[in-house]
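Enquirer: sequence and predicted structure, then a few things I'm wondering about:
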Amino acid sequence: MTTRLLMPRSCTQYVKLFYKLFTQTQGHRYLSNVYPPAERIRKFITENTELTGEQSLTPEIRLRLFTPSCRFWRERPELWPFDDPYWAIYWPGGQALSRYVLDNPEVCRGQTVLDLGSGCGASAIAAKLCGAAHIVANDIDTVAAVATQMNFELNGLEPPACLTENMIGSEPEAFNLILLGDMFYDEALATDLHNWLDSCIRTHGTKVLIGDPGRAQFESHHIRRLLHQLAQFELPESVREENYGLTCSSVWCYCPEL
Ligand SMILES: C[S@@+](CC[C@H](N)C(=O)[O-])C[C@H]1O[C@@H](n2cnc3c(N)ncnc32)[C@H](O)[C@@H]1O
């Protein structure tokens, strides 16, 4: 996955650890979308994550994430069996977006919502808690889909539809709202996303909300000049420590006249 190489240093404290891991080879890795059954992924996630909550911008949402007490925080990286565990981190952009949704439930109530690049599923959970009528969590990582289902259950919610195909560039579907937490970390991805969002807005009048902590790739991208800032949140101390150099995270509306 080339995107991990392009991520700014400040956002990859955890992922760097796993990058080493993926550059080495040994034994039982599940690559190229050949994954074990969901039950085995669930067991793996249960055994290798910790329940978290209070440390984020949304303490009311509980998540299974990597913490320093998890085995793979210290384990020999070549033993990690899956693709990059982006789902095991609650990213600052997703935290701000989820906080905004929880503070403004009318944005999601009764709506058909897509959380694209859903990772751990926190923004989809926030949408569900606010009464969204239908939610799709989309992430190209199969393990993220299982983690999202588990995190919904952890919060006493029925899991959403979890899609793992790449929707960017596909025929736009009739979503009222698309949520994008920390999805502007790679220029090429951001440009593809921008073009696809335009077609979603043109075809269905879809509303788009973006959470981002001010990453360089986001700030310098063309779409940034077309956004309207809705909210800014100071990141909790522990999140700042894990994301060196980041202090705030914002939520933006992308509502261009097309
Ligand atoms: C930085 S993480 C953000 C996760 C989550 N939104 C959050 O804020 O915590 C980016 C996520 O996007 C996913 N992703 C990358 N490219 C994607 C694509 N084309 N379609 C869907 N998901 C994608 C990755 O697998 C990863 O889980």
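Expert: Yep, it's here.

Enquirer: show me which positions of stretch 192-202 end up buried.
Expert: 193-194, 196-198, 200-201 (16 or more other CB atoms under 10 Å). Heads up, the C-betas are built off the backbone N, CA and C, glycines and all.

Enquirer: could I get the full set of helices for the protein?
Expert: 3-6, 13-22, 38-48, 71-74, 92-103, 122-129, 142-154, 187-204, 216-219, 237-242 (DSSP state H).

Enquirer: go through those and name the closest to the ligand.
Expert: helix 92-103 (2.0 Å; CB to the nearest ligand atom).

Enquirer: so who does Asp212 touch?
Expert: Residues near Asp212 by CB atoms under 8 Å, 6 or more residues apart in numbering: 93, 96, 182, 184, 218, 249-250, 252.

Enquirer: and the residues you listed near the ligand, which?
Expert: 93, 182 (CB under 6 Å from any ligand atom).

Enquirer: among the helices of the chain, which is the most enclosed?
Expert: Of all the helices of the chain, helix 122-129 has the most neighbours on average by mean count of other CB atoms under 10 Å, namely a mean of 29.

Enquirer: how about residues contacting it?
Expert: Against helix 122-129 from outside (CB under 8 Å, 6+ apart): 56, 58, 60-61, 63, 90, 94-95, 97-99, 101-102, 105, 108, 111, 113, 115, 118, 135, 137, 148, 151-152, 155, 157, 160, 177, 179, 181, 211.

Enquirer: if we go to 6 Å?
Expert: Helix 122-129 has contacts (CB atoms under 6 Å, 6 or more residues apart in numbering) with 61, 90, 94, 97-98, 101-102, 108, 113, 115, 118, 135, 137, 155, 157, 160, 179, 181.

Enquirer: identify those among these that sit within strands.
Expert: 113, 115, 135, 137, 179, 181 (DSSP state E).

Enquirer: mind putting those residues into a markdown table with distance to Ala124 and neighbour count?
Expert: Converted to a markdown table, the ones in strands among the contacts of helix 122-129 look like this (distance: CB to CB, whole Å; neighbours: other CB atoms under 10 Å):
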| residue | distance to Ala124 | neighbour count |
| --- | --- | --- |
| Val113 | 7 | 28 |
| Asp115 | 4 | 32 |
| Ile135 | 5 | 28 |
| Ala137 | 4 | 32 |
| Leu179 | 7 | 33 |
| Gly181 | 10 | 29 |
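
Enquirer: near the ligand, from those?
Expert: Among the ones in strands among the contacts of helix 122-129, the ones lying near the ligand by CB under 6 Å from any ligand atom are Gly181.

Enquirer: out of the ones in strands among the contacts of helix 122-129, which comes closest to the ligand?
Expert: Gly181 (2.9 Å).

Enquirer: for the closest residue to that closest one other than its chain neighbours, list the residues it contacts.
Expert: Using CB to CB, 6 or more residues apart in numbering and skipping the chain neighbours, the partner closest in space to Gly181 is Gly94 (2.9 Å). Contact partners of Gly94, counting by CB under 6 Å, 6+ apart, are 122-123, 181-182, 211.

Enquirer: residues in the stretch 51-200 of the chain within reach of the ligand, list them.
Expert: Counting by CB under 6 Å from any ligand atom, the stretch 51-200 of the chain comes close to the ligand at 86-87, 90-91, 93-94, 116-120, 122-123, 138-141, 144, 166, 168, 181-183, 185, 189.

Enquirer: export the buried residues of stretch 192-202 to a markdown table and tack on pLDDT?
Expert: Formatted as a markdown table, these follow (pLDDT from 0 to 100):
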| residue | pLDDT |
| --- | --- |
| Leu193 | 98 |
| His194 | 98 |
| Trp196 | 98 |
| Leu197 | 98 |
| Asp198 | 98 |
| Cys200 | 98 |
| Ile201 | 98 |
